[in-house]
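Visitor: From the sequence below, what's the structure:
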Amino acid sequence: MVFKRMLGAFGVGGPAVDTVLANPSTRPGLMLGGQVNLTGGSHDVEIDHITVGLVTRVEMEGAEQEYDALVEFHRVQVAGGLRLSEGQQMSLPFQVAVPWETPVTDLYGQRLHGMTMGLRTEVAIRGAVDKGDLDPVYVHPLPVQERILEGFGRLGFQFKGADLERGHISGLRQSLPFYQEIEYYAAPQYAHAVNEVELTFVANEYGVDVVLEFDKRGGLFSGGHDSFGRYHVAHTDADQVDWAAQVDAWVRQALDGYQSMHAGHGYGQPAYGAPGYGHAAYGHHKEEHHERHGGPGMGAVAAGVVGGAALGFAGGMLADEVFDSFGDDEGGDEEE
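Guide: Next comes the predicted model:
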């Protein structure tokens with residue numbers, strides 16, 4: 001934060017902390033660096049440990065209703081076993097490796113509606129723990145993710161919102177306890193068959209798995225049902241593919257496959273074509289808790305981006321004030 005915060009858990013005269021990020025904008029797979037600045041209070045203290053953790057809000061499935069919970073999904077120890085003298089100033093540098101599966105929060109310089117992300121500093125002194133304030137973090141898409149999002153926009157899909165669902169996707173290796181859903185209203189050319197499309201990315205150091213879920217219009221086949229498509233693309237495919245054509249092929253492939261299966265003809269896996277043309281998998285892909293039904297660098301994150309309005313994001317973004325939605329909720333934390 002831009003001000004020093006007194007550590008309330010340690011009473012009047014306790015130390016103060018000020019965590020400063022070198023650059024709050026990042027991408028999955030990169031390092032998020034900064035420093036924790038400590039100022040001693042009116043007496044000496046022994047610090048057991050100082051950690052920083054990435055936290056976000058995740059939609060959980062309760063016994064009777066859904067609710068949001070603040071989840072810590074990655075943490076790093078900054079220091080341990082320190083003595084902070086009265087009035088002493090100390091700066092402790094840190095580096096956090098941003099997990100490859102970290103969800104996208106920002107695009108074209110704006111926060112995706114429904115997404116929050118922050119770095120929380122935790123200081124433990126004599127067994128008492130103060131979790132401190134949250135510093136906002138802005139996670140921009142990997143190049144191949146950005147190209148795919150641009151492809152959806154160019155086809156006329158309109159951004160609806162984004163959220164994080166607790167659970168895992170069947171058949172994919174996944175290290176985080178949640179996955180992101182980026183929701184679109186169907187583009188006009190698919191509106192006769194589809195109401196909405198949900199897009200999920202699961203990235204690793206080699207590439208990105210792309211999972212599409214389609215909320216189909218009732219009456220087209222056998223009533224309103226979901227259908228699915230799953231594809232894999234390499235990071236190196238980012239600038240090798242016409243992504244509008246690719247996304248169109250994925251959408252039509254998944255819908256045609258669903259129709260063929262329900263017509264009794266089955267549906268074979270399509271052949272690989274140009275780079276980025278992954279194979280499709282159909283069927284339910286999400287397994288959720290509670291029994292619910294060396295990559296590219298930052299480059300020019302803020303330079304040369306195409307206007308969000310032209311790519312389906314008009315009216316679907318929020319300013320930085322959305323970070324306030326973290327509130328004071330400390331209940332529901334879940335470590336990686």
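Visitor: Doesn't Glu146 belong to a helix?
Guide: Yes. Under DSSP: H, G, I helix; E, B strand; the rest coil, Glu146 sits within a helix.
Visitor: Helix or strand: which one has Gly14?
Guide: Assessed by DSSP states H and E, Gly14 sits outside every helix and strand.
Visitor: Quick check: the gap between it and Leu84.
Guide: 10 Å (Cβ to Cβ, to the nearest Å). No exception for glycine: its C-beta is placed from N, CA and C like everyone else's.
Visitor: what touches both of the two?
Guide: Counting by Cβ atoms under 8 Å, 6 or more residues apart in numbering, the shared contacts of Gly14 and Leu84 are Val45.
Visitor: so Trp97 touches Pro28, yeah?
Guide: In this structure residue 97 is Ala, not Trp. No. With contact defined as Cβ atoms under 8 Å, Ala97 does not reach Pro28; the gap is 9.9 Å.
Visitor: In terms of neighbours, single out the busier of these two.
Guide: Between Ala97 and Pro28, counted using other Cβ atoms under 10 Å, Pro28 has the larger neighbour count: 23 against 12.
Visitor: so that one touches Val139, yeah?
Guide: Yes. The pair Pro28 / Val139 is scored as a contact, 6.9 Å apart, by Cβ under 8 Å.
Visitor: list residues touching both of the two?
Guide: 98, 102.
Visitor: CA atoms only for stretch 70-78, dumped as CSV, please.
Guide: Taking C-alpha atoms only, stretch 70-78 is exported to CSV below (Å, rounded to 0.1, in the frame of the first residue of the first chain):
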residue,chain,number,x,y,z
LEU,A,70,-11.7,-15.3,0.0
VAL,A,71,-9.1,-17.9,-1.0
GLU,A,72,-5.3,-17.8,-0.7
PHE,A,73,-4.0,-20.0,-3.5
HIS,A,74,-0.2,-19.3,-3.4
ARG,A,75,2.1,-18.0,-0.7
VAL,A,76,5.8,-17.3,-0.3
GLN,A,77,7.8,-16.8,2.9
VAL,A,78,9.6,-13.4,2.9
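Visitor: Burial check on His87, number of neighbours?
Guide: Heads up, residue 87 is Gly, not His. Other residues close to Gly87 by other Cβ under 10 Å number 12.
Visitor: What of Arg173?
Guide: 10.
Visitor: Checking it next. Helix, strand or coil?
Guide: coil.
Visitor: from what I can see it touches Tyr206, true?
Guide: No. Look at Arg173 against Tyr206 with Cβ under 8 Å: they stay out of range, at 11.0 Å.
Visitor: which ones are touching Val208?
Guide: Residues near Val208 by Cβ under 8 Å, 6+ apart: 142, 144-145, 148, 201-202, 232-233, 235.
Visitor: any idea which element Asp209 lies in?
Guide: strand 207-216.
Visitor: And the next helix or strand past that strand?
Guide: Following strand 207-216 toward the C-terminus (DSSP H and E): strand 226-234.
Visitor: average model confidence for the helix or strand following that following strand?
Guide: Heading C-terminal from strand 226-234, the first helix or strand you meet, by DSSP H and E, is helix 243-262. For helix 243-262, the mean per-residue pLDDT is 79.
Visitor: which other helices and strands contact helix 243-262?
Guide: In terms of contacts (3 or more Cβ pairs under 8 Å, 6 or more residues apart in numbering; DSSP states H and E), helix 243-262 is packed against helix 143-154, strand 194-203, strand 207-216, strand 226-234.
Visitor: To His49, which of the ones you listed lies closest?
Guide: Minimum separation from His49 across the helices and strands packed on helix 243-262 (Cβ to Cβ) falls at strand 194-203, 30.1 Å.
Visitor: Buried ones in that closest one, by neighbour count?
Guide: 194, 196-203 (16 or more other Cβ atoms under 10 Å).
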